[in-house]
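[1] Next come a sequence and a model predicted from it.
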Amino acid sequence: MRHLLSVMSAIALTFGMGMLQAATVDPDSLKRMRDAVNEEGEVRVMISLRHQKLEKLSQEQKNDNLKKDADAIRALKAELGTAAFTEGSWESESGQIGMYIKAAGISILQNSQNALAFTIDPTDKSRITAMDLDGSLTALRKVLRTRSEVDAEIIIGTQSAKYQLLQDGSTRITNVGEVIIEANSLIEKIRENLQKSGRSEFALTLDNALPIKITTSIDKKKLLLLQNHPDVRGIRPIGYQDPRTTFWSAGAFDIAEKEGQVEVSISLRGGLLFSPDLNWNSRGGKNQAMANREAMAKILADANIKMPQSDPVGDSIGSFQMILTKDQLSRLRAKNDPRILELRENRPLGVSQLQRSMPTINMPVAWASGNKGSGVAIAVLDDGI
């Protein structure tokens, strides 16, 4: 998907943009970059280094492009210097690079002769593997705005862990021995990655009480590197507690009062190891589904409600759909189990996506050059594959 977005972005830059100078930037994206830098101290930007030709390229042409890209990337990094972080960067085969930059980096990019265009990186959230649904990653970033280092907990992205979600909010691993073996293997992969980035001094030792967790000191560069690591599930301040309160939709209760029953969607918190990005059919996804389903079954049984049929995808993300009578809904609300994150009436919702998809394919830059697609008809054929 990321390669597809990169190709689409590069293609969008080709339509009539031969006269554009380097470092073209959309004003709205520029404002959001500056706002992000003012708040966080850095922002990840997506930089286009060249035009992508629409015709099919030979292998020789592809190799030539990659060589030019490598030269441009080296020149760009040298130009940015300490105004950019090397941690958390990415590169594509379509002549793009994503980098975290500081305030000074924005001005450098605006005047750069090594960049064709840049925008706030629309793929940033999808590249960050550390979960922030409970605000834990945001809380750690906030601390690092005023401190150079902070002690933090790193949650390892284990696939083997079988676990239970307890009513007090804790996570209990039931196959500790197997998890320790896998976690130590993942730690070695993380350590190798850190060493390649020149961070060999980083101490990584499993927590004896909970062998999916590492307690260590984190600075800004380590955070930018680790939050994008595929084997890191979460990074949070030590002892962080989920501050979210359970949401009970008033609309659901109104419908149950009027109609006697209501179709609802119930979402669980998920615990330390939860990730909405786990493939539901992977080992980790199946273990996550089992933990969620077991917790939901106990919650419903306590309220004398029958558990709905299994849905592998819904179970994996901790989302359960069911029809509850007015009395059942009242009993569930009275129990107020803290493992429930929210209960809403199950109604279709429409969410606008254009504000994200358009910058993703770099359309603001194409629009700024006068290419707005007037007089062109486009048909989208979606066969469902």
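    Received the coordinates, thanks. Being a predicted model, the structure only gives us computed values, none of them experimental.

[2] Show the low-confidence segments of the stretch 201-350 of the chain, by residue range.
    201, 349-350 (pLDDT under 70).

[3] residue boundaries of the helices in it?
    With DSSP state H, counting those that start in this stretch as the criterion, the stretch 201-350 of the chain has helices at 220-226, 250-259, 283-302, 312-317, 326-335.

[4] These: which one's closest to G177?
    Nearest of the helices of the stretch 201-350 of the chain to G177, taken as C-beta to C-beta: helix 283-302 at 15.3 Å. For every residue, glycine as well, the C-beta is placed using N, CA and C.

[5] how far away is Y100 from I154?
    19 Å (C-beta to C-beta, to the nearest Å).

[6] give the contact list for N184.
    L206 (C-beta atoms under 8 Å, 6 or more residues apart in numbering).

[7] which secondary structure element contains it?
    helix 176-196 (DSSP states H and E).

[8] For A117, name its beta-bridge partners.
    T24, S48 (DSSP bridges).

[9] swap in Q164?
    Beta-bridge partners of Q164, as defined by DSSP bridges: R172.

[10] so how far is A303 from it?
    19 Å.

[11] could you give the mean pLDDT of stretch 71-85?
    In this model, stretch 71-85 has a mean pLDDT of 91.

[12] chain center to it: distance?
    Relative to the chain's own centre, stretch 71-85 is displaced by 25 Å; criterion: C-alpha atoms, centre = their mean, to the nearest Å.

[13] Which residue ranges of the stretch 51-200 of the chain form strands?
    For the stretch 51-200 of the chain, the strands defined by DSSP state E, counting those that start in this stretch cover 84-91, 96-101, 117-120, 149-156, 163-165, 171-173.

[14] Pick the most deeply packed of those strands.
    The highest average neighbour count among the strands of the stretch 51-200 of the chain, using mean count of other C-beta atoms under 10 Å, belongs to strand 117-120 at a mean of 26.

[15] what's in contact with it?
    Taking C-beta under 8 Å, 6+ apart as the rule, strand 117-120 contacts 13, 20, 22-26, 29, 32-33, 36, 43-48, 109, 359, 362, 364-365.

[16] What about the residues you listed, which are in helices?
    29, 32-33, 36, 109, 359, 364-365 (DSSP state H).

[17] and which of those is nearest A75?
    L109 (12.7 Å).

[18] That closest one: neighbouring residues, count only.
    Close neighbours of L109, defined as other C-beta atoms under 10 Å, add up to 26.

[19] Isn't it up against I101?
    Yes - the criterion here is C-beta atoms under 8 Å, and L109 meets it with I101 at 7.1 Å.

[20] ok, back up a step: give me the buried subset of the contacts of strand 117-120.
    13, 20, 22-26, 29, 33, 36, 43-48, 109, 359, 362, 364-365 (16 or more other C-beta atoms under 10 Å).

[21] Please parse this protein into its domains.
    Residue ranges for the domains of the chain, per automatic domain parsing: 2-124, 136-237, 247-345.

[22] Looking at the ones you listed, which is nearest to V376?
    It is, among the domains of the chain and with distance given as C-beta to C-beta, domain 2-124, at 10.0 Å.
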